[in-house]
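>>> Build me a model:
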Amino acid sequence: MTDNIPLQPVRRHKRHDSKHRNGCCPVSGCCGMGDLRPRTVWLGHPEKRDQRYPRNVINNQKYNFFTFLPGVLYNQFKYFFNLYFLLLACSQFVDELRLGALYTYWVPLLVVLFITIGREAVEEIRCSIRDKEVNSHIYSKLLPRGTVKVKSSGIQVGDLIMVEKNQRVPADMIFLRTTERNGSCFLRTDQLDGETDWKLRLPVACTQRLPTAADLLQIRSYVYAEEPNIDIHTFNGTFTREDGDPPVNESLSIENTLWASTVIASGSIVGVVIYTGKELRGVMNTSNPKNKMGLFDLEVNCLTKILFGALVVVSLVMVALQHFAGRWYLQIFRFLLLFSNIVPISLRVNLDLGKMVFSWMINRDSKIPGTVVRASTIPEELGRISYLLTDKTGTLTQNEMVFRRLHLGTVAYGMDSMDEVQSHVFSAYTQPPHDPPLSRAPAATKVRKTISSRVHEAVKAIALVHNVTPVYEANGVTDQAEAEQHYEDTCRVYQAASPDEVSLVQWTESVGLTLVGRDQSSMQLRTPSGQILNFTILQIFPFTYESKRMGIIVRDESTGEITFYMKGADAVMAGIVQYNDWLEEECGNMAREGLRVLVVSKKSLTEEQYQDFEARYVQAKLSVHDRSLKVATVIESLEMEMELLCLTGVEDQLQTDVRPTLEILRNAGIKVWMLTGDKMETATCTAKNAHLVTRNQDIHIFRAVTTRGEAHLELNSFRRKHDCALVISGDSLEVCLKYYEYEFMELACQSPAVVCCRCAPTQKAQIVRLLQERTGKLTCAVGDGGNDVSMIQEADCGVGVEGKEGKQASLAADFSVTQFKHLGRLLMVHGRNSYKRSAALSQFVIHRSLCISTMQ
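From the prediction side, this is the model:
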């Protein structure tokens with residue numbers, strides 16, 4: 001093959017600096033931000049600040065009180081269409097050029113301006129009301145005299161804020177205390193980074209040990225925090241307590257942070273505010289709202305220039321017919337004014353009124369209830385979209401995992417046969433082992449026992465290999481302590497970093513094996529007969545994106561048996577489990593159905609084997625050099641010849657009618673790209689499940705690249721494939737755009753579908769911008785979270801879906817819908833009709849004016 005991509009320099013486009021993008025102008029001082037510097041924050045003493053910090057307000061408005069009128073007028077007269085009529089009206093103040101009464105020129109122009117100003121004012125007022133609602137959320141603030149209620153906008157750097165379960169974090173904070181017994185909490189971060197996995201956060205150890213939250217105000221302590229930046233995945237800082245004996249110093253990392261726009265998923269917490277307003281991590285990853293001018297208006301503006309050129313030619317011809325006699329230059333201006341109807345001012349009035357009618361029709365459409373038009377200047381753009389860029393979590397999916405299939409190799413259980421699994425589990429714990437009667441067929445009994453025991457082992461493994469914690473809450477009838485003591489089913493909820501794990505544990509509960517208790521060293525399961533099985537947790541090997549698997553070593557307290565359980569992606573588990581001839585085929589079958597597949601395995605260990613492993617594992621963890629490599633090597637010594645137990649298939653439920661909506665868009669010639677912050681496996685499964693990738697299309701998974709040479713080879717590999725969907729991670733995308741921006745975008749635009757996973761919010765906006773620059777086509781971005789705001793504001797049309805976790809995307813979008821399926825009617829019906837009607841209206845007005853001018 002000689003079709004290699006030439007190694008040539010990237011044609012770069014000017015990028016706006018991220019710091020400038022988040023202020024109102026390049027001079028940060030005018031926004032109240034000043035230089036971004038590290039800070040020392042004293043707990044509970046905001047008055048001890050060493051610099052000025054911005055107010056903690058959310059602002060989606062394009063203008064303020066002082067910039068509204070100049071801004072609106074500038075945005076109107078920077079286009080030739082409006083500037084032409086302004087100059088025409090101003091010319092009537094010159095006596096030698098006046099052709100009639102002033103009002104004949106000024107009244108139409110003022111009507112257009114008043115309509116525009118009124119429309120912008122209404123949209124700004126609505127936006128201000130929505131922002132005020134978000135900024136008015138009430139939180140509890142710790143003071144020496146007790147707790148007081150404070151609005152989100154009144155929170156300052158240094159305040160001690162209490163946040164309850166299911167409440168949004170109002171500012172970037174350091175986690176100090178929690179009410180949870182295990183001394184940690186879970187965060188839902190899908191509104192910040194698009195990831196569905198819950199994040200575990202740990203409080204500062206020194207403050208968690210204090211008897212009460214009020215004691216935070218009695219100690220002399222402070223947090224040293226790094227300067228604000230856009231990286232939501234890292235943090236460096238220190239916590240210092242000066243009145244301790246000796247003084248206490250603790251390092252702070254991302255595990256101790258609570259970023260704004262995340263939601264507390266467990267317990268209630270107390271944190272100290274370190275960043276507010278424009279310095280929030282989430283805000284620094286978004287761009288300022290911009291005034292969007294539709295392609296239709298730009299085309300009308302261009303047509304106006306052509307008509308003006310024709311007007312100048314006609315005027316010159318008329319003066320030439322008079323042989324340029326006398327003050328011929330004045331005659332040119334008078335003819336320009338006489339024939340000014342060739343460029344009709346009524347066109348602007350009619351088009352603006354038309355846009356208002358089209359927006360009203362969208363708002364009033366009973367087939368897409370709840371749809372709101374927030375930018376009434378661009379309804380025609382909806383009918384001209386070529387690329388649709390959509391988020392995954394909460395937009396295409398409901399983020400609700402449902403267990404669909406258990407596969408044992410020789411037999412598979414779907415949703416309609418789970419009662420069989422339940423009966424096998426029930427028989428395993430209720431019938432004592434005994435020899436089969438002679439009257440029964442020995443072969444049949446042996447097969448039946450084998451299947452029953454295999455199902456039992458698989459369910460038991462799924463119930464043990466996870467990081468799920470059952471939590472008991474008071475329900476009005478039973479208090480928390482009593483519910484926890486008696487393992488009340490009605491009071492129990494499961495908490496975990498991943499919704500996948502919760503769905504697996506909920507499934508084991510439904511078939512009879514229930515997780516009822518867990519702490520850092522033990523786990524309790526309840527059998528169908530009510531017996532409690534106790535397991536000691538000896539070691540846990542958590543899931544990482546590099547290993548793509550997790551493991552746990554437990555000891556059964558009743559038998560003393562030590563078992564190593566592991567689950568993970570089929571790609572890595574295939575080399576760990578014993579040889580079999582069905583794993584690869586069945587994983588492929590389940591993946592094609594859009595299921596997320598996990599391979600579950602186990603390995604029995606003797607006491608001597610475990611003691612030997614533990615000694616080597618502890619020694620590896622104490623290593624100073626290459627610690628992670630040595631630890632991984634020790635763990636891998638266990639991961640050999642493991643017994644394959646089963647495959648599990650979990651489905652992330654799609655939003656209503658996602659598949660037919662994507663089919664409609666695809667048939668209309670719109671290419672759909674999915675940009676998500678979630679994992680590659682999750683994104684690929686969702687793409688298949690939603691039929692974003694059709695059954696007869698191949699998928700090219702762009703392998704991880706870090707250098708220019710690797711990117712070059714991988715791009716060549718993708719270039720040789722045809723009609724193939726592309727799946728790429730954010731890190732690999734960054735490398736490709738750095739060295740081969742033009743080549744990558746050329747290949748990606750030829751692909752029928754593109755899935756970008758592990759995307760940062762700024763990357764989403766960058767992809768939209770590159771599509772606009774490289775193709776010249778119109779883009780539409782759809783999302784429901786705060787991490788989608790940059791993408792929505794960068795696209796030609798931004799559509800926000802009102803999600804479960806808030807309305808940040810909806811408030812920042814040009815159009816707001818309640819469900820993804822409404823997008824089909826919004827684009828195919830309202831967008832198409834608006835464009836066709838505006839085009840017909842503009843042609844009618846221009847032809848009418850030409851006829852009038854010809855008659856003159």
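>>> so where is the stretch 451-600 of the chain shaky, pLDDT-wise?
474-486, 545 (pLDDT under 70).
>>> Which parts of the longest helix that the chain contains count as buried, going by neighbours?
Ranked by residue count under DSSP state H, the longest helix found in the chain is helix 103-135. Residues of helix 103-135 classed as buried: 105-106, 108-109, 112-113, 115-116, 119-120, 123-124, 127, 130-131, 134-135 (neighbour count, 16 or more other Cβ atoms under 10 Å). From N, CA and C alone the C-beta is placed, and that goes for glycine too.
>>> again with stretch 840-856
Result for stretch 840-856 [16+ other Cβ under 10 Å]: buried residues 842, 845, 846, 849, 853.
>>> now those residues as a markdown table including distance to residue 738?
Output for the buried residues of stretch 840-856, formatted as a markdown table (distance: Cβ to Cβ, whole Å):
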| residue | distance to residue 738 |
| --- | --- |
| 842 | 43 |
| 845 | 49 |
| 846 | 47 |
| 849 | 51 |
| 853 | 55 |
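>>> so which pair among those is furthest apart in space?
842 and 853 (16.5 Å; Cβ to Cβ).
>>> So for stretch 737-754, first residue to last residue, what's the gap.
Distance across stretch 737-754, first residue to last, is 15 Å (Cα to Cα, to the nearest Å).
>>> what does it rub up against?
Residues from elsewhere that reach stretch 737-754 (Cβ atoms under 8 Å, 6 or more residues apart in numbering): 5, 10-12, 671-674, 687, 692-694, 697, 708, 711-712, 715, 718-719, 723-728, 733, 736, 766, 770-771, 774-775.
>>> Those, buried ones only, as a PyMOL selection?
PyMOL command restricting these to the buried ones, with burial defined by 16+ other Cβ under 10 Å:
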select buried, resi 5+671+672+673+674+687+692+693+711+712+715+718+719+724+725+726+727+728+733+736+766+770+771+774
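>>> In helices, which of the buried residues of stretch 840-856 fall?
In this view, the buried residues of stretch 840-856 that belong to helices under DSSP H are 842, 845, 846, 849, 853.
>>> now those residues in JSON lines, with pLDDT?
Converted to JSON lines, these look like this (pLDDT from 0 to 100):
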{"residue": "842", "pLDDT": "91"}
{"residue": "845", "pLDDT": "90"}
{"residue": "846", "pLDDT": "89"}
{"residue": "849", "pLDDT": "85"}
{"residue": "853", "pLDDT": "78"}
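>>> my read: residue 838 touches residue 354, true?
Yes - using Cβ atoms under 8 Å, residue 838 makes contact with residue 354 at a distance of 5.7 Å.
>>> out of these two, which sits in the busier spot?
Ranked by neighbour count (other Cβ atoms under 10 Å), residue 838 and residue 354 place residue 838 first, with 22 against 18.
>>> Need the phi and psi values for that one.
Main-chain torsions, residue 838, degrees, to the nearest 10: phi -60, psi -40.
>>> Quick check: closest non-adjacent residue to it.
Take residue 838 and drop its neighbours on the chain: the residue closest to it by Cβ to Cβ, 6 or more residues apart in numbering is residue 380, 4.9 Å away.
>>> Can you point out the buried residues in stretch 524-538?
Buried positions in stretch 524-538, judged by neighbour count with 16+ other Cβ under 10 Å: 524, 525, 526, 527, 528, 533, 535, 537, 538.
>>> next one: stretch 142-159
142, 150, 152, 153, 154, 155, 156, 157, 158, 159.
>>> which residues does residue 831 contact?
Counted by Cβ under 8 Å, 6+ apart, residue 831 has contacts 379, 380, 381, 382, 383, 384, 385.
>>> swap the cut-off to 10 Å and go again
358, 362, 378-385, 780, 797, 815, 823, 825 (Cβ atoms under 10 Å, 6 or more residues apart in numbering).
>>> One more: residue 255?
175, 184, 199, 200, 201, 202, 203, 235 are the contacts of residue 255 under Cβ under 10 Å, 6+ apart.
>>> before we move on, what about residue 96?
327, 330, 333, 334.
>>> Among the residues you listed, which one sits closest to residue 274?
Nearest to residue 274 among the contacts of residue 96, counting by Cβ to Cβ, is residue 333 at 63.8 Å.
>>> could you check the distance from that closest one over to residue 104?
17 Å (Cβ to Cβ, to the nearest Å).
>>> Provide the count of other residues in contact range of residue 685.
24.
>>> so where does it fall, helix or strand?
helix 680-689 (DSSP states H and E).
>>> Show residues contacting the helix or strand that that helix is followed by.
Downstream of helix 680-689, the first helix or strand assigned by DSSP H and E is strand 698-701. Strand 698-701 is contacted from outside by 571, 591, 680-681, 684, 687-688, 693, 714, 717-718, 720-729, 747, 751, 753, 755, using Cβ under 10 Å, 6+ apart.
>>> how far does strand 698-701 sit from the chain's center?
Centre-to-centre, strand 698-701 and its host chain are 23 Å apart (Cα atoms, centre = their mean, to the nearest Å).
>>> export the helix or strand following that strand as CSV, just CAs?
Following strand 698-701 in sequence order, the next helix or strand is helix 708-719 (DSSP H and E). These are the backbone C-alpha positions of helix 708-719, laid out as CSV (Å, rounded to 0.1, in the frame of the first residue of the first chain):
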residue,chain,number,x,y,z
ARG,A,708,3.2,11.8,15.9
GLY,A,709,4.4,8.5,14.4
GLU,A,710,1.7,6.5,16.1
ALA,A,711,-1.0,8.9,14.9
HIS,A,712,0.4,8.7,11.4
LEU,A,713,0.2,4.9,11.3
GLU,A,714,-3.3,4.8,12.8
LEU,A,715,-4.6,7.4,10.4
ASN,A,716,-3.3,5.4,7.5
SER,A,717,-5.0,2.3,8.9
PHE,A,718,-8.3,4.1,9.1
ARG,A,719,-7.9,5.6,5.7
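>>> Packing partners of helix 708-719?
With contacts taken as 3 or more Cβ pairs under 10 Å, 6 or more residues apart in numbering; DSSP states H and E, helix 708-719 sits against strand 698-701, strand 724-729, helix 730-739, helix 741-750.
>>> so which of these comes closest to residue 468?
Of those, nearest to residue 468 by Cβ to Cβ is strand 724-729, at 27.1 Å.
>>> Do I have it right that residue 157 meets residue 171?
Yes - using Cβ atoms under 10 Å, residue 157 is in contact with residue 171, at 8.1 Å.
>>> who touches both of these two?
With Cβ under 10 Å, 6+ apart, residue 157 and residue 171 have common neighbours 56, 272, 273, 274, 275, 276, 277, 279.
>>> In those residues, find the pair that's most separated.
Using Cβ to Cβ, the pair of these lying farthest apart is 272 and 277, separated by 16.3 Å.
>>> between the two, which one's more packed in?
The neighbour comparison of residue 272 against residue 277 (other Cβ under 10 Å) goes to residue 272, with 30 against 22.
>>> Quick check, that one in contact with residue 141.
No - assessed by Cβ under 10 Å, residue 272 is found out of contact with residue 141, at 11.1 Å.
>>> Return every residue with contacts to both of these two.
Common neighbours of residue 272 and residue 141 (Cβ under 10 Å, 6+ apart) are 44, 159, 160, 161.
>>> Mind checking which of the residues you listed are in helices?
In helices, defined here by DSSP H, there are no members of the shared contacts of residue 272 and residue 141.
>>> and the least confident of those residues?
Within the shared contacts of residue 272 and residue 141, pLDDT reaches its minimum at residue 44, with 82.
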